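>>> Provide a 3D model corresponding to the input given below.
(one chain, ligands or ions: 1)
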Amino acid sequence: MHPSQELLQKLSELLPSDAFLPDEVLAPHTTFRIGGPCVAMVLPHDVETVVKVLKLLRETETPYFVMGGGSNLLVADRGYDGIVIKTSRLNQLIIDGTKLTAGAGNPLGRVAVAAARASLSGLEYAHGIPGTVGGGVCMNAGAYGGEMSQVVVESRYATADGEVRTLSAGEHNFAYRDSFFLQNRDCILLDTTFALAPGDSESSFERMRELWERRKSTQPLEYPSAGSMFKRPPGYYAGKLIDDCGLRGLAVGGAMVSTKHANFIINTGNATADDVIRLIEKVREAVLARFGVEMHCEVRRLGF
Ligand SMILES: Cc1cc2nc3c(=O)[nH]c(=O)nc-3n(C[C@H](O)[C@H](O)[C@H](O)COP(=O)(O)OP(=O)(O)OC[C@H]3O[C@@H](n4cnc5c(N)ncnc54)[C@H](O)[C@@H]3O)c2cc1C
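Predicted coordinates:
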């Protein structure tokens with residue numbers, strides 16, 4: 001149901017004024033810099049507030065979407081007819097021995113640095129991924145041989161009814177770019193505990209610097225994007241398939257297949273979500289026609 005004025009009034013009373021943003025345009029909240037407004041964005045700062053917001057939304061059957069860093073998202077030009085719950089204020093971080101517990105809204109880079117400072121190893125790979133703990137666990141984010149599934153031991157989450165529950169490592173149902181949270185989209189991850197290994201601080205920072213250099217030399221980080229657009233089809237690399245079709249530099253409006261990394265679609269300045277969608281379709285059709293391989297998007301969509 002479209003959010004009612006009464007609901008918006010209740011949300012505004014529940015949250016501090018800077019944590020309730022009506023008609024918020026979503027483009028600046030995404031790394032793609034694309035997307036229209038939502039009805040309202042809310043930024044809860046603790047678990048109790050998340051629970052209260054969820055109960056209000058459930059009572060009124062209002063649609064909502066959980067956003068972390070917006071680094072794996074394509075938002076429609078017309079925006080989203082619901083409430084966006086942004087997790088950036090759920091940012092507590094606690095280290096206890098070799099366990100690190102981080103609120104869902106912590107950027108992965110911050111968590112990796114905190115672990116390295118405490119001489120804990122296991123999250124170096126995640127340092128350059130521009131998402132949050134919540135988005136990383138939800139997507140089972142991975143790079144350079146590391147993956148969330150290797151280090152997550154437990155998460156706390158809230159159900160759509162506002163009940164807070166705990167998920168053990170196995171219950172996350174981790175698979176390639178998939179998890180419990182993609183399978184249960186109305187649940188909100190609140191925090192996650194990582195089991196890390198005793199390590200050497202300087203070696204961890206050295207590894208993060210080395211991986212950052214590799215990213216910079218292979219990815220078009222100078223342009224807005226949502227990272228890899230397509231998942232790896234079994235037995236292939238999406239970037240190589242796109243490259244072998246000669247599609248580097250192919251553009252629709254302001255959206256372009258990166259000339260640096262063919263699995264990145266970049267926003268060259270004024271791309272619309274429609275440009276991106278049309279370019280995705282062209283790429284998928286070309287790869288299917290040439291190689292008979294069906295490609296699926298890794299990037300999530302909102303508002304379509
Ligand atoms: C330049 C660049 C490089 C990238 N490199 C990598 C890489 O190396 N490896 C990789 O795996 N990805 C990479 N990505 C993609 C992206 O950063 C990851 O998928 C990241 O984990 C997304 O996190 P986020 O917080 O931005 O999630 P969002 O984009 O905000 O959301 C993604 C999904 O997670 C859900 N979600 C977010 N927070 C929560 C929560 N608290 N509870 C429940 N669901 C939640 C959302 O609803 C959505 O379905 C890259 C992206 C960019 C732009």
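
>>> Okay, buried residues for the helix or strand harbouring Glu48 please.
Here Glu48 sits within helix 47-59, counting by DSSP states H and E. For helix 47-59, burial by neighbour count (16 or more other C-beta atoms under 10 Å) applies to 47, 49-54, 56-57. No exception for glycine: its C-beta is placed from N, CA and C like everyone else's.

>>> Could you look up the SS state of the residue in the stretch 151-300 of the chain that the ligand sits nearest to?
Residue nearest to the ligand within the stretch 151-300 of the chain (C-beta to the nearest ligand atom): Gly227, separated by 2.4 Å. Three-state call for Gly227 (DSSP: H, G, I helix; E, B strand; the rest coil): strand.

>>> what do you get for the one 5 residues further on?
In the three-state summary, Arg232 is assigned as coil, counting by three-state DSSP.

>>> ok, the closest residue to Arg207 other than its chain neighbours - how many residues close by?
Ranked by C-beta to C-beta, 6 or more residues apart in numbering and with sequence neighbours excluded, the top spatial neighbour of Arg207 is Glu124, at 4.3 Å. Other residues lying near Glu124 total 24 when counted by other C-beta atoms under 10 Å.

>>> again with Arg232
As a burial measure, Arg232 scores 18 neighbours (other C-beta under 10 Å).

>>> Distance check, it against Glu298.
Between Arg232 and Glu298 the computed distance is 9 Å (C-beta to C-beta, to the nearest Å).

>>> What of Ile242?
Using C-beta to C-beta, Ile242 is found at 13 Å from Glu298.

>>> Report the set of residues contacting both of these two.
Both Ile242 and Glu298 are in contact with Phe230, where contact means C-beta atoms under 8 Å, 6 or more residues apart in numbering.

>>> In contact with Ala118: list those residues for me.
Counting by C-beta under 8 Å, 6+ apart, Ala118 touches 95, 100, 201.

>>> hmm, 7 Å instead?
By C-beta atoms under 7 Å, 6 or more residues apart in numbering, the contact set of Ala118 is Ile95.

>>> From Lys86, how far out is it?
27 Å.

>>> Quick check: Leu190 touching Glu48?
No: taking C-beta atoms under 7 Å as the definition, Leu190 is not a contact partner of Glu48, at 10.7 Å.

>>> show me where the stretch 51-200 of the chain has strands.
64-67, 73-75, 80-86, 93-96, 99-103, 120-121, 142-143, 146-147, 152-158, 164-168, 188-195, 197-198 (DSSP state E, counting those that start in this stretch).

>>> With respect to Leu221, which of these lies nearest?
Ranking the strands of the stretch 51-200 of the chain by proximity to Leu221 (C-beta to C-beta) places strand 142-143 first, at 13.5 Å.

>>> Mind listing residues that contact the helix or strand where Ser12 lies?
Taking DSSP H and E as the criterion, Ser12 maps to helix 5-14. Contact partners of helix 5-14, identified using C-beta under 7 Å, 6+ apart, comprise 20, 22, 40, 42, 49, 52-53, 56, 60, 62.

>>> who does the helix or strand that that helix is followed by pair up with?
Downstream of helix 5-14, the first helix or strand assigned by DSSP H and E is strand 20-22. According to DSSP bridges, strand 20-22 forms sheet pairs with strand 38-42 (antiparallel).

>>> Next, see if the partner strand gets close to the ligand.
No: using C-beta under 6 Å from any ligand atom, strand 38-42 never reaches the ligand; the gap is at least 12.2 Å.

>>> What average pLDDT does stretch 92-111 get?
Averaging pLDDT along stretch 92-111 gives 98.

>>> Would you mind naming what in the chain lies close to the ligand?
31, 65-73, 87, 104, 129-132, 134-136, 138-139, 141-143, 181, 188-189, 219, 221, 225-227, 300.

>>> where exactly do the helices run in the stretch 201-304 of the chain?
201-218, 238-244, 273-291 (DSSP state H, counting those that start in this stretch).

>>> how about the ones you listed, which one is nearest Gln150?
helix 201-218 (15.0 Å).
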